[in-house]
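Enquirer: Just need the structure, nothing else, for what follows:
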Amino acid sequence: MTKPMILGLTGPTGAGKSTAARAFQEGGCWVIDADRVAREVVQPGSRCLLELAQEFGGDIVRLDGTLDRPLLARRAFATPEYTRRLNAIIHPRITEDIQKKIEQYKKEGALLLVLDAPLLFESGEHALCDAVVVVTAPREIRMRRIMERDGLTREQAVLRMSAQQEESFYTRQADYLLDGAGQPERLYQATRRLLAALRER
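Expert: Okay, here's the model as predicted:
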């Protein structure tokens with residue numbers, strides 16, 4: 001079985017990571033979306049959801065059995081300690097599911113896998129990767145984008161961005177950097193060029 005190359009893809013919110021992920025996928029890569037996996041591990045009745053309810057209160061589970069994400073977020077991000085507890089419950093399960101998907105895609109013949117993960121470094125999932133691609137953009141540009149994208153006020157956008165690492169945290173651990181400051185098409189084409197270069201190697 002040929003060992004696929006696994007690329008980690010990450011960067012601060014609003015930098016353009018989704019555009020880069022789309023470029024990789026449309027270029028023929030198999031993309032694993034860590035956010036989607038995170039939603040899957042807290043499905044109704046899952047052990048992960050049960051542990052979250054024990055830690056953060058049974059009322060985070062709605063009457064229909066689904067997770068009340070806004071309520072969990074308010075509690076889990078209230079203090080660094082609560083955030084650490086959340087991550088200790090959820091990240092091991094996300095990583096386990098990602099590893100299963102990697103093995104599955106290997107069997108199906110994938111040659112280049114992209115792990116799209118906002119918390120790639122914080123979760124330790126970068127250890128699964130052969131190289132890491134980081135998308136960056138200036139802070140003001142990112143703030144404007146997430147305000148437009150998510151309907152946030154400037155104050156809400158500042159709070160969300162302050163919960164993330166500084167840009168240097170990402171760039172110093174990157175193997176490849178993509179500039180997301182311009183139009184999405186520019187980033188898309190830069191990602192496709194990087195993909196072509198990686199395939200040549």
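Enquirer: Tell me which stretches of the chain form helices.
Expert: Ranges of helices in the chain, per DSSP state H, are 17-26, 34-40, 47-56, 69-76, 80-107, 139-150, 154-162, 167-171, 184-200.
Enquirer: Using TSV, please lay out those together with mean neighbour count and mean pLDDT.
Expert: For glycine as for every other residue, the C-beta is placed from the backbone atoms N, C-alpha and C. Listed next are the helices of the chain as TSV, based on neighbours: other CB atoms under 10 Å; pLDDT from 0 to 100:
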stretch	mean neighbour count	mean pLDDT
helix 17-26	20	97
helix 34-40	16	94
helix 47-56	17	97
helix 69-76	16	88
helix 80-107	15	91
helix 139-150	15	93
helix 154-162	13	84
helix 167-171	14	94
helix 184-200	16	96
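Enquirer: Just put the ones you listed in CSV and tack on distance to residue 131.
Expert: Formatted as CSV, the entries for those read as follows, by distance: least, CB to CB, whole Å:
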stretch, distance to residue 131
helix 17-26, 13
helix 34-40, 17
helix 47-56, 29
helix 69-76, 31
helix 80-107, 15
helix 139-150, 23
helix 154-162, 26
helix 167-171, 14
helix 184-200, 8
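Enquirer: With residue 177 as the reference, name the closest of those.
Expert: Judged by CB to CB, the one of the helices of the chain that comes nearest to residue 177 is helix 167-171, at 6.3 Å.
Enquirer: Would you mind pulling up the elements that the closest one packs against?
Expert: When contacts are defined as 3 or more CB pairs under 8 Å, 6 or more residues apart in numbering; DSSP states H and E, helix 167-171 sits against strand 131-136.
Enquirer: name the helices or strands packed onto the strand it packs on?
Expert: Taking 3+ CB pairs under 8 Å, 6+ apart as contact, the helices and strands that strand 131-136 lies on are strand 5-10, helix 17-26, helix 167-171, strand 176-179.
Enquirer: Can you add distance to residue 138 and give the ones you listed back as CSV?
Expert: Formatted as CSV, the entries for the helices and strands packed on strand 131-136 read as follows, by distance: least, CB to CB, whole Å:
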stretch, distance to residue 138
strand 5-10, 17
helix 17-26, 15
helix 167-171, 9
strand 176-179, 10
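Enquirer: of these, which approaches residue 194 most closely?
Expert: Taking CB to CB as the measure, the helices and strands packed on strand 131-136 were each checked against residue 194, and strand 176-179 came out nearest at 6.0 Å.
Enquirer: what lines up beside the closest one in the sheet?
Expert: For strand 176-179, the paired strands and their directions (DSSP bridges) read strand 131-136 (parallel).
Enquirer: And the partner strand, what's buried?
Expert: 132, 133, 134, 135, 136 (16 or more other CB atoms under 10 Å).
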